[in-house]
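*Asks:* I'll drop the sequence and a predicted model, then ask my questions.
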Amino acid sequence: MPGSSGGELIRHGQRAQGLERLRASVAQAPTPKRALLLAAAHAMPMLPRALHGPFVAYPG
C-alpha cells in the first residue's frame, strides 16, 4: 500500500517526506484508513509519545 511507505518514512525521522507520501496516497486512492493515517500523522507532534501508534520510531 502506498500509504505505508509514508508511515515508514515518518518512523525513520523523515516526517516531511512521509507526510508528502501519505498525502499523495490519499489523493491517488482515498480510503478511510489512509485519511485516518494522514490525520494521525499531522496530529502526532501534539500527542503524547504513548499515542504515536504506527509512527513510533524503531528501537536503536
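*Replies:* Looks like it arrived, so ask away.
*Asks:* flag every buried residue along the longest helix seen in the chain.
*Replies:* Among the segments of the chain that qualify as a helix by DSSP state H, the longest is helix 15-28. The neighbour-count check on helix 15-28 (16 or more other Cβ atoms under 10 Å) flags 15, 18-19, 21-23, 25-26 as buried. For every residue, glycine as well, the C-beta is placed using N, CA and C.
*Asks:* who touches that helix?
*Replies:* 1-3, 5-11, 34-35, 37-38, 41-42 (Cβ atoms under 8 Å, 6 or more residues apart in numbering).
*Asks:* where does residue 58 land in three-state SS?
*Replies:* Using DSSP: H, G, I helix; E, B strand; the rest coil, the structure places residue 58 in coil.
*Asks:* which secondary structure elements does the helix or strand bottoming out on mean pLDDT in the chain contact?
*Replies:* Lowest on mean pLDDT, DSSP states H and E among the helices and strands of the chain sits helix 2-11, with a mean of 79. The contact analysis (3 or more Cβ pairs under 8 Å, 6 or more residues apart in numbering; DSSP states H and E) places helix 2-11 against helix 15-28, helix 32-43.
*Asks:* for residue 58, which of these is the nearest?
*Replies:* helix 15-28 (13.8 Å; Cβ to Cβ).
*Asks:* rewinding a little: next, the angle helix 32-43 makes with the least confident helix or strand of the chain.
*Replies:* Helix 2-11 and helix 32-43 are oriented at 20 degrees to each other (axes from the mean of the first three to the mean of the last three Cα atoms, to 10 degrees).
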